[in-house]
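Q: Sharing a model prediction with you, sequence too.
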4 protein chains.
Amino acid sequence: MTSPDRSGLIATITQFIFQNKGNIVNLDQHTDKHNGLFFMRVEWEIEHFAITRSEVRTTFKDFLLSKEIEGTWKITFSDEKLRMAILVSKEDHCLWDILLRHKSGELDCDIPLVISNHTELKDTVESFGILFSHVPINMENKKEGEQVELALLRKHNIDFIVLARYMQILSPEFIRHYPYKIINIHHSFLPAFKGSNPYRQAYERGVKVIGATAHFVNEDLDQGPIIAQNVSHVSSKDDVASLKIKGRDTERIVLANAIKQYTQGRIFVQGERTLIL
Amino acid sequence: MTSPDRSGLIATITQFIFQNKGNIVNLDQHTDKHNGLFFMRVEWEIEHFAITRSEVRTTFKDFLLSKEIEGTWKITFSDEKLRMAILVSKEDHCLWDILLRHKSGELDCDIPLVISNHTELKDTVESFGILFSHVPINMENKKEGEQVELALLRKHNIDFIVLARYMQILSPEFIRHYPYKIINIHHSFLPAFKGSNPYRQAYERGVKVIGATAHFVNEDLDQGPIIAQNVSHVSSKDDVASLKIKGRDTERIVLANAIKQYTQGRIFVQGERTLIL
Amino acid sequence: MTSPDRSGLIATITQFIFQNKGNIVNLDQHTDKHNGLFFMRVEWEIEHFAITRSEVRTTFKDFLLSKEIEGTWKITFSDEKLRMAILVSKEDHCLWDILLRHKSGELDCDIPLVISNHTELKDTVESFGILFSHVPINMENKKEGEQVELALLRKHNIDFIVLARYMQILSPEFIRHYPYKIINIHHSFLPAFKGSNPYRQAYERGVKVIGATAHFVNEDLDQGPIIAQNVSHVSSKDDVASLKIKGRDTERIVLANAIKQYTQGRIFVQGERTLIL
Amino acid sequence: MTSPDRSGLIATITQFIFQNKGNIVNLDQHTDKHNGLFFMRVEWEIEHFAITRSEVRTTFKDFLLSKEIEGTWKITFSDEKLRMAILVSKEDHCLWDILLRHKSGELDCDIPLVISNHTELKDTVESFGILFSHVPINMENKKEGEQVELALLRKHNIDFIVLARYMQILSPEFIRHYPYKIINIHHSFLPAFKGSNPYRQAYERGVKVIGATAHFVNEDLDQGPIIAQNVSHVSSKDDVASLKIKGRDTERIVLANAIKQYTQGRIFVQGERTLIL
């Protein structure tokens, strides 16, 4: 939850959980003094919890009202997995990485759907028993194509979307359907090297580290709130081709990291920043 | 505080703070399920706190008794700085680093005393306005020398000791006076390369990373609980001399990190491990 | 090549290449002054080279004799790919990683054969069009089992072997057939945590970094010359299970790195160390 | 040396050294195929060298002419130390770091002069036996101030200049006197966060890594060729003040690294990039 900072927030909320026989197993909080904001993430066991699943949100809402606590909050159940869709083009290293981590049990979500504007990765996706939908979107048919995509996402009850090196720019309309629910991997340490061909830009600028950034997609290209970043050192002997290969490992790790933070409910968006609890 | 895990610990303790008008600004906790242990660190503002400094420990003790909560705990005040002594021999890079960080305000402690078994660093220490005591300890006079050191430490009300590349092994008797209050920097990623000349050992084993470890000193050489570690990559062209130079930065950063964790009360010792909250 | 250090080695050998119209594109060398040894790796283009492939080794040998240069050396052609076999048990993350990197063109070798003492990874291997051989080796039948493996390796003209989390200890006899041609990935920063279950050992020792080590296999368990190492930082809240997951990325990257060094002929073994040029 | 790429460059030059009885101890080269350029750095011992110091440059020039090799080159003697001046304002962490590394023998140069537009660091500089010159330069008197600085630099035969967190922008006229001989440390991973207050910019953008960049100063602010870069991970809980403290270690290490590369003659400027050999 996020709320204006005031005394007693932790005590009041943990008391609510305790009195209803919930057992807290994890709690992290942060106070942003500059903006007077309080952030908290609490994880509790509900084995003996006095409130049923269907009632917990109403009950908690009433409780906050009774205590005159304002703020935004979300309650999720760890056994109700989020449903993730992947959008992909031809580059396959991030796709493979997500599918293999998911198969190994490392990612705590369901993946019912992969959409691509190309057909190259159909077999790969289907070999994991996942539905592959080809939506041949391009500059001309973007509006119609995105309608098809949105219908697919709705049909499969998708909670959030991962752009695993997807080479199309989403329209503002599309993005508005999934506010802070679309995660992109950009192959540079943003804000450096926005836009296309960041490894070429990195080469030409002669940087000594290259990076990757996972961020939420908003209407400004490569400028949404950053979720995760990492870098790797490169040699000044590297050319663009070797930078691309060296960068892939960082891309994979950063994107997987962002997906984990998302599925565990650790990301709090605050303006142009994210807080990870 | 550390206590056997049970329901409601966070709620109960944050309630105590809240009801006495303390404002929690930081809380971190961890449950070790395997050992059934609960760890928590809470930081609260006492501007409007209802309990005086002199009474807070007794009041909290009674409160825990009334709630039948067992465990060990410690209450400190951030404006009552811990008093640190440094023990040093001839190597000066860690000493300089600590003194400069302290001068810049980065380390939240007082440094009233530096003890050395050599005299080379006297001027350096005194240029920071800190008392330098020469205790020429060696294998023959260790017992008497340590008595002199202990008297100095007592006289200056030292809370904890940092061995900044101190080339003498402390006796078990000495260590017993400062249990988990002596921090050593060892120039390897322990448990690899215990004992003397770890850079030579690293060179001979041909490792591709070298490291440094800050740990509490206990009776087993280089085997106390680890507080902080870091490594740096080296080239297979490096020799022992260049490893030593490359390693210094890691030593400095790891030791400073450990001192910060200690002065902020973040280190919980649990058997042979530490938990950092 | 490796030879006793003396003046003019670089000049003499580069002159040989130049006079025969080879164009040097890469040269790296190192002098180990302590042991009086000289190491050099030279890469040259043979488009206009005056010596044929079949004669180059004899001609170079004669040339060295004529110059009275002693030493060991090897000449390979970058378009004659080394043939790699993978030995694997049930853990699949390193296997997948190698197969996908190979498919993407990142690894410059052929992979004609995977051998396993289990059958779980048969389908994975075969989906890449690679032969999977099940050799159900165990403590009782090790001698016979290794004979079967050696026959397979010979039959497929294997140049070097990668143990991608292979859970069997190779016999000294087996190793002698592939001296410094068997690469193992060990999931700790050796020499710390040799032997089984290194993540458990790391947890119990409370280290703040975990690592992985790729090394040549020799007769001493986990003590062969180290090729590549890396580490990642962990939290003191991690348990053995989360260390295992966090460690996988490092294992993958370190092993891939070692394979690249090997196929590019960059590894020079010198006693218990390797030099990477 | 840097020259248009052609066959036999390494052979020809190493032959020159060998025939004159120089013993090569280090050689590194790189071919930029895209631009058809060849770069090489050779280090040789001159104990038995047949050419005197005073004649070596002319002899080598004639040799290249005789072989019709074009290119730019530089010959330096490792026992003739470069003379470095430091420009500094009030921030002292980089200054201390350089002075202490120099004192320990880690930096292979002389430091005859420190210039500052403030007086705060006078005592620090003088405690190392180095001349401190106060030149109270500002926006109004920049032209005159820089003339004073240039006279000081000339008087002390300064070879290169380090801006150790110097808070004045140098004029193009000043820079032209020391082309690719002025090294600045900028506290961000350039090209991200050019200009003032990069830690505030980093905080506001919400990046998860912060960095530092050492680069040559040219007429475009923070856009000169990058020499060295590094980053450190930060927490989303960090504020601007804690980013500043965390960033200092990276600034120190990156600047020291760049100075070492410079004094060892490892930096080759190629347009907007540097090659480090």
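A: Nice, I can see it.
Q: which residue sits closest to the most far-flung residue of chain A relative to its centre in space, ignoring its chain neighbours?
A: No residue in chain A sits farther from the centre than A:K237, which is 34.6 Å out by C-alpha atoms, centre = their mean. Leaving aside its chain neighbours, A:K237 sits nearest to D:H30 (5.2 Å; criterion: C-beta to C-beta, 6 or more residues apart in numbering or on different chains). Any C-beta I mention is one placed from the backbone N, CA and C, and that applies to glycine too.
Q: quick one on the thing from earlier: the residue farthest from the centre of chain A against D:Q270, yeah?
A: No - A:K237 is not in contact with D:Q270 according to C-beta atoms under 8 Å; the separation is 11.7 Å.
Q: got any residues that touch both of the two?
A: Shared contacts of A:K237 and D:Q270, defined by C-beta atoms under 8 Å, 6 or more residues apart in numbering or on different chains, are absent.
Q: so who does A:L100 touch?
A: With contacts defined as C-beta under 8 Å, 6+ apart, A:L100 is in contact with C:93, C:96.
Q: would it count as being in a helix?
A: Yes - A:L100: assigned to a helix according to DSSP: H, G, I helix; E, B strand; the rest coil.
Q: before we move on, back to that, and after the strand or helix carrying the residue nearest to A:K237, which helix or strand comes next?
A: Following DSSP states H and E, the helix or strand that holds D:H30 is strand D:23-32. Using DSSP H and E, the helix or strand that follows strand D:23-32 towards the C-terminus is strand D:37-45.
Q: If we ignore the residues flanking it in sequence, what's nearest the residue in the stretch 101-250 of chain A that chain D sits nearest to?
A: Nearest residue of the stretch 101-250 of chain A to chain D (C-beta to the nearest C-beta) works out as A:G206 at 3.1 Å. Leaving out its chain neighbours, the residue that sits closest to A:G206 by C-beta to C-beta, 6+ apart is D:R273, at 3.1 Å.
Q: now swap in A:E43 and tell me
A: A:N26 is the one closest to A:E43 (C-beta to C-beta, 6+ apart), at 3.9 Å.
Q: Next up, the contacts around the one you found.
A: For A:N26, the contact set (C-beta under 8 Å, 6+ apart) comprises A:41-43, B:29, B:31.
Q: Show me just the buried residues among the residues you listed.
A: When the contacts of A:N26 are checked for burial by 16 or more other C-beta atoms under 10 Å in any protein chain shown, the buried set is A:41-42, B:29, B:31.
Q: Using a markdown table, lay out these together with distance to chain C and pLDDT.
A: A markdown table is the format used below for these (distance: C-beta to the nearest C-beta, whole Å; pLDDT from 0 to 100):
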| residue | distance to chain C | pLDDT |
| --- | --- | --- |
| A:R41 | 14 | 97 |
| A:V42 | 16 | 96 |
| B:Q29 | 10 | 95 |
| B:T31 | 9 | 91 |
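Q: so what's the residue in the stretch 51-200 of chain A that chain B sits nearest to up against?
A: Scanning the stretch 51-200 of chain A for the residue nearest chain B gives A:K67, at 11.8 Å (criterion: C-beta to the nearest C-beta). Shown in contact with A:K67 (C-beta under 8 Å, 6+ apart): A:T12.
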